[in-house]
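A structural model of the following input is requested.
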Amino acid sequence: MALQGTLREFSATDILQLLATQKKTGCLILELSGQKLHVFVQDGRIVSSRSPGATSDDPLLKFLFKIHRLSSEQYRGIRSIQNETHRDLEDLLVNGRYLEAEELAGYIERQILDDLMKVARWTGGTYTFDPELKWTHAAVARLGIEGALIDVARRVDEHARFIKTFDDPQRLLGVRDLPDPSDPISEEESELFGIVDGRHTLAEIVEAAPLSDYEAHEALYRMFDAGWLEFVGRRDVSAPAPVPSVPATASAIDSGRPLAPLDERRFNSRDLMVTVLAVGAAFALWVGGRALVAKPAAPAASDVFSAAQMRDIRFAVELYRRERGRYPRSLEDLVADRWLAPDQVRIDGRPLRYRPSPESDAYQLDADSSR
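The predicted structure follows:
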């Protein structure tokens, strides 16, 4: 027998906690003003928040395209295969070798958390739990409800703080200052530095970022709080938007609108990386030169500035791997691909020894002490 009622009596989180406690299997259907969410559970754990099978508006497929895990060609190809075979997306992604099951599980969990965050803020609507409506495919993800609800509650609180800072989606964001070479930069922040240019609004940046809405606001808030970003104006809603310099959304592909080039975004990210590393190298050489007047230079292994430069080079190597799926065959590859400037592959005039493994899945990097 189905369990049903209104979300004014019990919230979505209350119902989910009940399903977790009783280790229920079935589907929780949440509805509010035409919005509908299906949450499939198995033994009290969430396995999906999307309808199974091939749907014309699959949120997981759009999410994978938005975060740049699928290219526009892959997106079109998967949509075409789904239309012909009606296979479920998760089955198609794993068996079609687009993604490994473990990686896909992580993306599914991210999408589930985004969906739960939306319904956690509903103050009305209805719920129905149908134990006969079950997830018919092999479960790729199995998300614990208790931990998910704790994470969702934290996200809801933090998102309210983000919105107080970013209260106007039409405000323009620009770069105020570059990070210090000693400041760690997350992958999300690096992506956003390639989009923020003073010409695009907050809403456009969040839409174009290869992140969920919450993840984009979270990273922008960190960057704003660190003093790296600032508001530089406001878009007149009646004025035309600038030509996009970021990838098109899934909606643009579905509508047949032309795509913006992805390479421009990556070029901007590389330029930022080169600039940050160049500033760090120049600062290190300047301070190091002053130190030579006072006392002999310390060995390279104990030189804090050499260590910082080595760390930044390793960061560039890791960024290259994330983009190409392997480590570079030589540091010259990083120079040719604009991740590093030519003079950044030497420390205090000494060349660096870089040795990747035969499979390019590991590497060793150290300063050449023979000179």
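
Need the contact partners of stretch 8-22.
Identification of contacts with stretch 8-22 by C-beta atoms under 8 Å, 6 or more residues apart in numbering yields 3, 24, 28, 30, 39, 41, 44-46, 116, 119-120, 122-124, 127, 129, 144-146, 149, 152-153. To be clear about C-beta, it is placed using only N, CA and C from the backbone, and glycine gets the same treatment.

Residue 52 and residue 91, how far apart?
Using C-beta to C-beta, to the nearest Å, one gets 9 Å for the distance from residue 52 to residue 91.

which residues are in contact with both of those two?
Contact with both residue 52 and residue 91 is made by residues residue 137, according to C-beta under 8 Å, 6+ apart.

These two: which is more packed in?
The neighbour comparison of residue 52 against residue 91 (other C-beta atoms under 10 Å) goes to residue 52, with 18 against 15.

Where does that one sit: helix, strand or coil?
coil (DSSP: H, G, I helix; E, B strand; the rest coil).

what's near enough to touch it?
For residue 52, the contact set (C-beta under 8 Å, 6+ apart) comprises 40, 88, 135, 136, 137.

6 Å instead, please
88, 136 (C-beta atoms under 6 Å, 6 or more residues apart in numbering).

One more: residue 158?
Here residue 158 is in contact with no residue (C-beta under 6 Å, 6+ apart).

picking that back up, can you say which of the contacts of stretch 8-22 are buried?
Those of the contacts of stretch 8-22 that meet the buried threshold are 3, 24, 28, 30, 39, 41, 44-46, 116, 119-120, 122, 127, 129, 145, 149, 152, by 16 or more other C-beta atoms under 10 Å.

among these, which are in strands?
Cross-referencing the buried ones among the contacts of stretch 8-22 against strands under DSSP state E gives 3, 28, 30, 39, 41, 45, 46, 127, 129.

Now tabulate these in CSV and tack on distance to residue 185.
Output for those, formatted as CSV (distance: C-beta to C-beta, whole Å):
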residue, distance to residue 185
3, 47
28, 39
30, 38
39, 35
41, 38
45, 35
46, 32
127, 42
129, 44
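
Can you tell me which of the residues you listed is nearest residue 160?
residue 30 (21.1 Å; C-beta to C-beta).

Pairing partners for the closest one in the sheet, please.
residue 37, residue 127 (DSSP bridges).

Distance of it relative to residue 107?
22 Å.

Residue 48: what's it in contact with?
40, 135.

Quick check: phi and psi at the closest residue to residue 119 other than its chain neighbours.
With C-beta to C-beta, 6 or more residues apart in numbering as the criterion, residue 119 has its nearest non-adjacent residue at 4.4 Å, and that residue is residue 12. The phi and psi values for residue 12, taken as degrees, to the nearest 10, are phi -60, psi -40.

What about residue 12, how many residues nearby?
For residue 12, the neighbour count with other C-beta under 10 Å is 23.

how near is it to residue 352?
Counting by C-beta to C-beta, the gap from residue 12 to residue 352 is 54 Å.

again, but for residue 189
26 Å.

Residue 118 now?
Plainly put, residue 118 is 48 Å away from residue 352 if you go by C-beta to C-beta.

so the helix or strand hosting residue 18 versus strand 126-130, what angle?
Assigned by DSSP states H and E, residue 18 belongs to helix 12-21. Using axes from the mean of the first three to the mean of the last three C-alpha atoms, to 10 degrees, the inter-axis angle of helix 12-21 relative to strand 126-130 is 20 degrees.

my read: residue 216 touches residue 209, true?
Yes: under the criterion of C-beta atoms under 6 Å, residue 216 makes contact with residue 209 at 4.3 Å.

Dead centre of this structure: give me the residue that sits there.
Nearest to the geometric centre of the chain sits residue 211, at 4.0 Å (C-alpha atoms, centre = their mean).

That one: helix or strand, and which one exactly?
Under the criterion DSSP H and E, no helix or strand holds residue 211.

That one: what's it in contact with?
Residue 211 touches residue 188, counting by C-beta under 6 Å, 6+ apart.

Apply 10 Å and report the result again.
Contacts here follow C-beta atoms under 10 Å, 6 or more residues apart in numbering; on that basis residue 211 touches 66, 67, 68, 110, 187, 188, 191, 192, 217, 218, 219, 220.

Wait, the fourth one touches residue 66, no?
No: applying C-beta atoms under 10 Å, one finds residue 110 not in contact with residue 66, separated by 11.0 Å.

Next, show the common contact partners of these two.
Joint contacts of residue 110 and residue 66 (C-beta under 10 Å, 6+ apart) are 211, 212.

Any stretches of the stretch 101-250 of the chain with poor pLDDT?
239-250 (pLDDT under 70).

And the helices in it?
Assigned by DSSP state H, counting those that start in this stretch, the stretch 101-250 of the chain shows helices spanning 101-120, 145-165, 187-193, 202-208, 213-225, 250-255.

Can you say which of those helices is nearest to residue 323?
Nearest of the helices of the stretch 101-250 of the chain (C-beta to C-beta): helix 187-193, 10.7 Å.

Run a quick neighbour tally on residue 349.
7.

Likewise for residue 318?
Neighbours of residue 318 using other C-beta under 10 Å come to 12.

With the one 3 residues further on instead?
Other residues lying near residue 321 total 15 when counted by other C-beta under 10 Å.

hang on, it packs against residue 361?
Yes: judged on C-beta under 10 Å, residue 321 makes contact with residue 361 at a distance of 8.8 Å.

Could you tell me which residues touch both of these two?
Joint contacts of residue 321 and residue 361 (C-beta under 10 Å, 6+ apart) are residue 327.
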